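*Asks:* task: produce atomic coordinates for the following.
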Amino acid sequence: MAGQPLSFREKQVVELIRQAKANKEIAYELHLTEGTIKEYLNRIFRKVGATNRTALATWAWKQSKSEFPDVSRSNRSAPKSSA
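*Replies:* Reported below is the predicted structural model:
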């Protein structure tokens, strides 16, 4: 599966990973569940050959910024992380 192109939604997730967002924040911004974000991340990991978020973020920063859609912040405040 490595080398397959990312879908538009997968690119949105990657852009938010580039911004160091947690799954909960990504889910909130994209109006999805955290479970859906985890599914997207697993699919993205396979497509780009990453084994974890850090490897994905490193890969994403090496790519052209223009490859990833601008994910604008909504007017609502982001949920608090429960870390």
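*Asks:* where is the longest helix in the chain?
*Replies:* What stands out as the longest helix in the chain, according to DSSP state H, is helix 34-48.
*Asks:* contacting residues around that one?
*Replies:* Helix 34-48 is contacted by residues 1-6, 9-10, 13-14, 17, 23-24, 26-27, 30, 50-53, 55-56, 59 when judged by C-beta atoms under 8 Å, 6 or more residues apart in numbering. Where you see a C-beta, it was placed from the backbone N, CA and C, and this is true even at glycine.
*Asks:* again, but for stretch 52-60
*Replies:* 14-15, 17-18, 20, 41, 44-45, 48-50, 68.
*Asks:* buried residues in that stretch?
*Replies:* Using 16 or more other C-beta atoms under 10 Å as the burial criterion, the residues of stretch 52-60 that qualify are 56-57, 59-60.
*Asks:* dump it to PDB, restricted to CA.
*Replies:* Once non-C-alpha atoms are left out, stretch 52-60 reads as follows in PDB (Å, rounded to 0.1, in the frame of the first residue of the first chain):
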ATOM      1  CA  ASN A  52       4.100   6.300  14.300                       C
ATOM      2  CA  ARG A  53       3.000   9.900  14.500                       C
ATOM      3  CA  THR A  54       6.600  11.200  14.900                       C
ATOM      4  CA  ALA A  55       7.600   9.500  11.700                       C
ATOM      5  CA  LEU A  56       4.500  10.800   9.900                       C
ATOM      6  CA  ALA A  57       5.200  14.300  11.100                       C
ATOM      7  CA  THR A  58       8.800  14.100   9.900                       C
ATOM      8  CA  TRP A  59       7.600  12.800   6.600                       C
ATOM      9  CA  ALA A  60       5.000  15.600   6.300                       C
END
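*Asks:* please compute how far the helix or strand harbouring Ala55 lies from its chain's middle.
*Replies:* Assessed by DSSP states H and E, Ala55 sits inside helix 53-62. On the basis of C-alpha atoms, centre = their mean, to the nearest Å, helix 53-62 sits 10 Å off its chain's mean C-alpha point.
*Asks:* got the angle for it vs helix 34-48?
*Replies:* 60 degrees (axes from the mean of the first three to the mean of the last three C-alpha atoms, to 10 degrees).
*Asks:* and the average pLDDT for helix 53-62 is what?
*Replies:* Helix 53-62 carries an average pLDDT of 90.
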